[in-house]
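> take a look and give me a structure for this.
(one chain, ligands or ions: 1)
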Amino acid sequence: MKRIFSGIKPSGRLHIGNYLGAIKNWITLQDEYQCVWGIVDYHAITVPYNPKELEERVIDCAASYIAAGLDPEKSILMLQSQVKEHTELAWILNTITPISWLERVPTFKDKAKQFSKSLNMGLLDYPVLMAADIILYKADAVPVGEDQLPHLELTREIVRRFNNTFGQTFPEPKAITSSGALIKGLDGNSKMGKSLENCIYLDETPEEIWKKLSTAVTDPQRIRRNDPGDPEVCNIFSLHKLFSKKEQIDYVNNGCRTADIGCLDCKKILSNNIAAELSPIREKLIELKNNRDYLKDVLNEGIRKSKEIAIQTMSEVYDKIGTNYKFLK
Ligand code: TYM
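Numbering: from 1, shown residues only. Coordinates of the predicted model:
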């Protein structure tokens, strides 16, 4: 069976961008592939964070995975920091990765602007740890949102360099994206992101969803109720395409163009549809967060299983790079 690795960093509650760009796609892949879903906590500490909150975020992330539909009976759910081989392999990959490759990564350039006074090595090295996450499991494919594609491309380059230097060891992982691969935030402008306050979170109530949607940005040309709008430039319409039925999509598409319906009418339909999809997830999430023993068992089992694979890969890596010292045996 071919293998998949993907992960989310526990830097805040998961939002519908994570859900549509990643998790929803992951669920469909669970039967076809052997899947390893990581909670990548060592990626979350590359920007300022509160150590006292990290554990709760990990728990929230694990509960969100399962509540959204990942099945621990089918897939491995693991926690990156608890499988030390991730950081060990990242170090080895560091020795073959030119700094210039890392400096040209778009997310690094953004972070370099955002954290110009506190730019740390972890931010530069972030994609190398990500490459290690993936190739430690010899993953053939990585389902991610569009923002991660440059990281995937870099992983493939690192794999090629490793294989050329030390002999064929790792497959070149391919990216799998979904129709929701780039969800914009409620500002209608930037990517929906945990740090940007422009999200609908997976655990929001119907009332909270409506409150956020009612003020979300729409087609900027549609100023008055009677102005006809252009759905193709409206972020609310992009969300309709992912949450609404075909008839509803046609209805709001036509209604907007002819100004038969207003933005609030259109948003109300969307709000109800998002709430209908998220409500079972929210309920399951609350239930799971109250069942810490279950989450603990799932993660411990996932860590055990992923470690088995990781140890095997590393034994091969030690042979290849020459640190499997015979004289010590
Ligand atoms: P992270 O935690 O930012 O996001 C997790 C997943 O959610 C997707 N995503 C989105 N998709 C569509 N629209 C959005 N607005 C949106 N926001 C987030 C991301 O594309 C991603 O698939 N570097 C990764 C974590 C990581 C990883 C890995 C991923 C570490 N190691 C190995 C895959 C394989 C990240 O920061 O994702």
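> could you count how many residues lie near whatever residue of the chain ends up closest to the ligand?
Per Cβ to the nearest ligand atom, residue 21 is where the chain lies closest to the ligand, at 1.9 Å. All C-beta atoms are positioned from the backbone trio N, CA, C, and that covers glycine. Residue 21: 26 surrounding residues under other Cβ atoms under 10 Å.
> wait, it sits on residue 145?
Yes: Residue 21 is within contact range of residue 145, at 3.0 Å (criterion: Cβ atoms under 8 Å).
> mutual contacts of these two, please.
Shared contacts of residue 21 and residue 145 (Cβ atoms under 8 Å, 6 or more residues apart in numbering): 177-178, 180-183.
> how about those residues in TSV, adding neighbour count, distance to residue 53 and pLDDT?
TSV is the format used below for these (neighbours: other Cβ atoms under 10 Å; distance: Cβ to Cβ, whole Å; pLDDT from 0 to 100):
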residue	neighbour count	distance to residue 53	pLDDT
177	18	31	95
178	18	30	90
180	22	28	85
181	20	29	89
182	15	28	95
183	24	25	96
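> and these, which is closest to residue 48?
residue 183 (25.0 Å; Cβ to Cβ).
> check contacts around the closest residue to the closest one other than its chain neighbours.
Leaving aside its sequence neighbours, residue 183 sits nearest to residue 17 (Cβ to Cβ, 6 or more residues apart in numbering; 4.0 Å). If you count contacts by Cβ under 8 Å, 6+ apart, residue 17 has them with 145, 180, 183, 185, 191-193, 199.
> show me these that map onto strands.
Among these, no residue falls in strands (DSSP state E).
> for the ligand, what are the nearby residues on the stretch 1-150 of the chain?
5-9, 17-18, 21-22, 40, 43, 130, 133-134, 142, 144-145, 147-148 (Cβ under 6 Å from any ligand atom).
> packing partners for the lowest-mean-pLDDT helix or strand in the chain?
Ranking every helix and strand in the chain by mean pLDDT, DSSP states H and E puts helix 106-114 at the bottom, with a mean of 89. For helix 106-114, the elements it packs on are helix 121-135, helix 149-166, judged by 3 or more Cβ pairs under 8 Å, 6 or more residues apart in numbering; DSSP states H and E.
> deepest-packed of those, please.
Mean neighbour count (mean count of other Cβ atoms under 10 Å) peaks for helix 121-135 among the helices and strands packed on helix 106-114, with a mean of 22.
> after that one, which helix or strand is next?
Scanning forward in sequence from helix 121-135 by DSSP states H and E, the next helix or strand is strand 141-143.
> what does that following strand contact?
2, 4-6, 22, 25-26, 29, 33, 134, 148, 152, 155, 173-178.
> let's see 6 Å
Residues from elsewhere that reach strand 141-143 (Cβ atoms under 6 Å, 6 or more residues apart in numbering): 4, 6, 25-26, 134, 152, 173-176.
> next: stretch 43-59.
By Cβ under 6 Å, 6+ apart, stretch 43-59 touches 9-11, 39, 41, 122-123, 126.
> many thanks, I have nothing further to ask.
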